[in-house]
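Any chance you could fold what I've pasted below:
(one chain, ligands or ions: 1)
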Amino acid sequence: MSVTQVSSSIPHIYDAIAEQYDDHWTRHVQTQHARLTADLELRSGERLVDIAAGAGVTVEMLRHTHPAPGVAVDPSSAMLEKARQRAAREGFALTGLCTTAQEFLRDCDEQSFDVLSLRFGLAYVDWERDLPTLAKPVRKGSGRIGLLTNLATSAPQALRTYHAFMDELGMEKAWPPVPRDTAQIASLLEAGGVEVVSQWSERVRIWFDNGMLAADWLTQSGYIASKALDEFPPELLAMLKPVFAKKLEDDYAVDGRVPFDFDIGGVVGVRR
Ligand SMILES: C[S@@+](CC[C@H](N)C(=O)[O-])C[C@H]1O[C@@H](n2cnc3c(N)ncnc32)[C@H](O)[C@@H]1O
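The predicted model follows:
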């Protein structure tokens, strides 16, 4: 496992939530992970790189590419360590690179992999600029890229509640830093010489027993992981949270439970 540390608060946020990440998020999107993996048509012996790899979802792809070793890229050492442990437990070879997608893409060798996967990591790259260059590490003619992402239409219940808050406070609203649909991803990939062979979106609903649990989940799951939020005064956040939670319940609760709907997009393309 090679370790090069990077300085940014996002890896530090993921270091802090690494233990609970799979429970908060991955178990709800297993079907979508499996669908993207199937679309990639992985074969034994293929070299895989998983960017923003996280806590171990890479292993599901290694089942197909084994015995070739895989590479997991992530700047959170805690997330990478979980991935490394899971791969070792299951007998797969996985090299962890503790670095950002940006650094990896800048320094990697052209056409050195068969498959590149980037799952739930688009929020951490400048995707409008980076998607056309994402194919650099995969081979021309046969190399595939698989992307799985929340779309900007995700969690409208949380987004509208937050926007209403910001309007009331007269503050500027932020928008989800991800594409609005898979067509937007497809056209950026195609601009980089990738032929898109499958694209789809599916809605996933997660229920919370009350508004406070829903509000807590937004930060504990990493769904909202931003430098700005990390630097927000914790006592002010604690004060605002019950008001936010109550509004979620008033506007969206069904029998006391609050739903969040996630629009998950999957795109697979071949480098031409
Ligand atoms: C939402 S998790 C997704 C993890 C995994 N791909 C999955 O689907 O479960 C986002 C991951 O991106 C990583 N990350 C944050 N900033 C990054 C960057 N600049 N480059 C690459 N990965 C980054 C985080 O450390 C975290 O592990």
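
And the residue of the stretch 51-200 of the chain that's closest to the ligand?
Taking C-beta to the nearest ligand atom, the ligand has its nearest neighbour within the stretch 51-200 of the chain at Gly54, 2.3 Å off. Quick note: C-beta positions are derived from backbone N, CA and C, even for glycine.

And the closest residue in space to that residue that isn't next to it in sequence, what's its pLDDT?
Closest residue to Gly54 apart from its sequence neighbours, by C-beta to C-beta, 6 or more residues apart in numbering: Met79 at 5.0 Å. Note on Met79: pLDDT of 98.

so Met79 makes contact with Asp15?
Yes. Here Met79 reaches Asp15: they are 7.3 Å apart, a contact under C-beta atoms under 8 Å.

Which of those two has more residues huddled nearby?
Shown here are Met79 and Asp15; by other C-beta atoms under 10 Å, Met79 has more neighbours (25 against 16).

Just the element for the more buried one, please.
Following DSSP states H and E, one finds Met79 within helix 77-90.

go on, Leu62?
Assessed by DSSP H and E, Leu62 sits inside helix 58-65.

List the contacts of that helix.
33-34, 37, 40, 42-48, 50, 70, 72, 83, 86-87, 90, 92-94, 114-115, 117 (C-beta atoms under 8 Å, 6 or more residues apart in numbering).

Which ones among those residues lie within strands?
Among those, DSSP state E puts Leu48, Asp50, Gly70, Ala72, Leu94, Val115, Ser117 in strands.

Please list the residues of the stretch 1-150 of the chain that sit near the ligand.
Applying C-beta under 6 Å from any ligand atom, we find that the stretch 1-150 of the chain lies next to the ligand at 10-11, 14, 26, 51-54, 57, 74-76, 79, 100-102, 119-121, 124.

So Arg205 lies in a strand, does it not?
Yes. Assessed with DSSP: H, G, I helix; E, B strand; the rest coil, Arg205 lies in a strand.

who's in contact with Gly211?
Going by C-beta under 8 Å, 6+ apart, the list of residues near Gly211 reads Phe244, Ala245, Lys246, Lys247, Leu248, Glu249, Ala253, Val258.

follow-up on the earlier one: what about the helix holding Met79, distance to the chain center?
Computed by C-alpha atoms, centre = their mean, to the nearest Å, the chain-centroid distance of helix 77-90 equals 17 Å.

And stretch 144-155, by the same measure?
Centroid separation between stretch 144-155 and its chain, computed with C-alpha atoms, centre = their mean, is 8 Å.

And stretch 18-33, by the same measure?
Distance of stretch 18-33 from its chain centroid, counting by C-alpha atoms, centre = their mean, is 10 Å.

now stretch 16-25
Put simply, stretch 16-25 sits 13 Å off its chain's centre (C-alpha atoms, centre = their mean).

CA atoms only for it, dumped as CSV, please.
Extracted in CSV, the C-alpha atoms of stretch 16-25 (Å, rounded to 0.1, in the frame of the first residue of the first chain):
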residue,chain,number,x,y,z
ALA,A,16,-13.9,10.3,10.2
ILE,A,17,-16.9,8.5,8.6
ALA,A,18,-15.0,5.5,7.1
GLU,A,19,-16.4,3.0,9.7
GLN,A,20,-20.1,3.8,9.1
TYR,A,21,-19.9,4.7,5.4
ASP,A,22,-21.1,1.4,4.1
ASP,A,23,-23.9,1.2,6.5
HIS,A,24,-25.1,4.7,5.8
TRP,A,25,-24.8,4.5,2.0
